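**Q** Mind folding the following:
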Amino acid sequence: MYNHAPEKYTCPFCIFVQGIENEHTQLKQTDVIIQTANVTAFMATRKWENNVGHVLIIPNKHIENIYDLPLSISAEIHKLAKDIALAMKSEYKCDGIMLRQHNEPAGDQHIWHYHLHIIPRYENDNIQNTQKVSFPANERAKYVQILRKWLKNKKLNYE
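**A** I've put the predicted structure just below:
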């Protein structure tokens, strides 16, 4: 429903979830924070100067937007988003968390696969006036390890 992906669209998130690294995705398998049977959380490939280490959570199955997202998968995504937000609060020492999700071109969606952003926020971080820049894989891996360790230490069950 309300789908906008072009015909023969190569979805970078579907490729990534399958464990493939190629020219269709900037993501690396080292970006995975946690993957379950239904959802994957991973480090974003871009960053804001004052808001480093934001995470995306996607359904593993190709679902373009919120209109087609089953409630059971939405619940899994939001449970994981809450835990990642708590990990960020603990480990990044951020002042707040922002969740963002875009649908359709007018909603600023650019990748035609549902994804929820979990973004650390800080007092006076000026995020609205800064551009995102590339976030190299070796730097992303450090943040992945921080969040993985927190989640592992909490012994959270995602299955």
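**Q** how close does Val83 sit to Pro136?
**A** In this structure residue 83 is Asp, not Val. Noted for Asp83: a distance of 26 Å to Pro136, by CB to CB, to the nearest Å. No exception for glycine: its C-beta is placed from N, CA and C like everyone else's.
**Q** try Ile15
**A** Ile15 is 20 Å from Pro136, by CB to CB.
**Q** and what of Ala37?
**A** Using CB to CB, one obtains 30 Å as the distance from Ala37 to Pro136.
**Q** try Ile97
**A** 24 Å.
**Q** same thing with Asn126?
**A** On the measure of CB to CB, Asn126 and Pro136 end up 23 Å apart.
**Q** ditto for Gln101
**A** Gln101 is 25 Å from Pro136, by CB to CB.
**Q** With Pro59 instead?
**A** Pro59 is 27 Å from Pro136, by CB to CB.
**Q** try Pro6
**A** 29 Å.
**Q** do Val39 as well
**A** Taking CB to CB, one finds Val39 at 25 Å from Pro136.
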